[in-house]
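# okay, predicted coordinates and the sequence, questions at the end:
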Amino acid sequence: MLTSFHSSGDLTGTQKNDDEIELVLDRTITLFRFITEKDAFERYYKGHLARRLLSGRSVSDDAERGMLAKLKVECGFQFTKKMEGMFQDMKISADTTSAYKNYIQSTGVGFSASPLRTPIDVRHLLQASIVELNVTVMTSTFWPMSQASPTCVMPQELLQAYNSFDHYYNSRHSGRRLTWQPSLGNADLIARFKTRHHTLNVSTYAAIILLLFQDLPPDDFLTYEVRLLYIGPCVVPATHPPFLGHQKCNRDSGG
């Protein structure tokens, strides 16, 4: 309860001044001292912190670091080591993403979505704002993540961006391997509904589904396969009507 209250109510959303933030942190630490299962708190707090950092919904880095400093005083360096590593990853990732964008703009060298990764010019993707890729490179030992994400079929534009960054990163870091985690990413899509435009912030998986409607004619629709669900000796038909819709989307991904 403490980590949920602290995460959702005090370091997200509402703007507070420095004195108010400090008061909240001191009260949180006072309650923290009464917790006996501090390892469980660390596990849940790290999960909430990761979500705030990846979604950009924290009030400020200073407030987050202030909380970590107080936890370090209470429990020692090892208690906060991984969480401090997450902050370091965020800083390095921002610098890496900026350097990658400068590299693409100056050279235009990218790689196709095919398994052969044929070199292509990807400047048109960035210049047309079709794909703006913001990458967080997470050290696997720091972040609470699953090693295996569900399989999904990426759009060609997104695969080109992925392959281009993968090549750029590996050319500058030997002995490292990137494993994409779409379950932890999000996207901003510009959806056009006749004369109105809306910016939708959705998960990467939701963005992949919405992008299927990118070039769909207004009078057309998409369907998906009807399968049978086997539950013990029974067979339950899982029937779904066609999903009707028409959307124009531009992709802005983080992963």
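Alright, I've got the coordinates.

# could you pull out the buried residues of the helix of greatest length in the chain?
Looking across the chain with DSSP state H, the single longest helix is helix 77-107. Neighbour-count burial for helix 77-107 flags 79-80, 82-83, 86-87, 89-90, 93, 96-97, 100-101, 103-104 (criterion: 16 or more other CB atoms under 10 Å). In short, each C-beta sits where N, CA and C put it, glycine included.

# could you do stretch 191-210 as well?
Result for stretch 191-210 [16+ other CB under 10 Å]: buried residues 191, 202, 204-205, 207-208, 210.

# in helices, which of the residues you listed fall?
Those of these lying in helices (DSSP H): 204-205, 207-208, 210.

# identify the farthest-apart pair in these.
204 and 210 (10.8 Å; CB to CB).

# can you map out the helices along the stretch 51-200 of the chain?
61-75, 77-107, 123-127, 156-172 (DSSP state H, counting those that start in this stretch).

# what angle do the last one and helix 77-107 make?
Read that as helix 156-172. Orientation note: helix 156-172 sits at an angle of 110 degrees relative to helix 77-107 (axes from the mean of the first three to the mean of the last three CA atoms, to 10 degrees).

# in helix 156-172, what's buried?
So, applying 16+ other CB under 10 Å, buried residues of helix 156-172: 157-166, 168-169.

# figure out which of the helices of the stretch 51-200 of the chain is closest to residue 39.
Proximity to residue 39, assessed across the helices of the stretch 51-200 of the chain by CB to CB, is greatest for helix 77-107 (8.9 Å).

# report the contact partners of residue 103.
residue 168 (CB atoms under 8 Å, 6 or more residues apart in numbering).

# please renumber the chain so that the first residue is 59 from this point on.
Happy to do that; since the first residue is 59 now, the last one works out to residue 161.

# low pLDDT regions in the stretch 159-308 of the chain?
Within the stretch 159-308 of the chain, the stretches with pLDDT under 70 are 166-188, 204-207, 280-308.

# rewinding a little: need the helices of the stretch 109-258 of the chain in a markdown table (columns: distance to residue 84).
Output for the helices of the stretch 109-258 of the chain, formatted as a markdown table (distance: least, CB to CB, whole Å):
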| stretch | distance to residue 84 |
| --- | --- |
| helix 119-133 | 8 |
| helix 135-165 | 17 |
| helix 181-185 | 46 |
| helix 214-230 | 41 |
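
# I'd say residue 80 and residue 124 touch.
Yes: contact criterion CB atoms under 8 Å: residue 80 and residue 124 qualify, at 7.2 Å.

# so between these two, which is more surrounded?
Just comparing residue 80 and residue 124: by other CB atoms under 10 Å the higher neighbour count belongs to residue 124, 18 against 14.

# where does the more buried one land on pLDDT?
At residue 124, the pLDDT value in this model is 90.

# how much space between it and residue 158?
Between residue 124 and residue 158 the computed distance is 31 Å (CB to CB, to the nearest Å).
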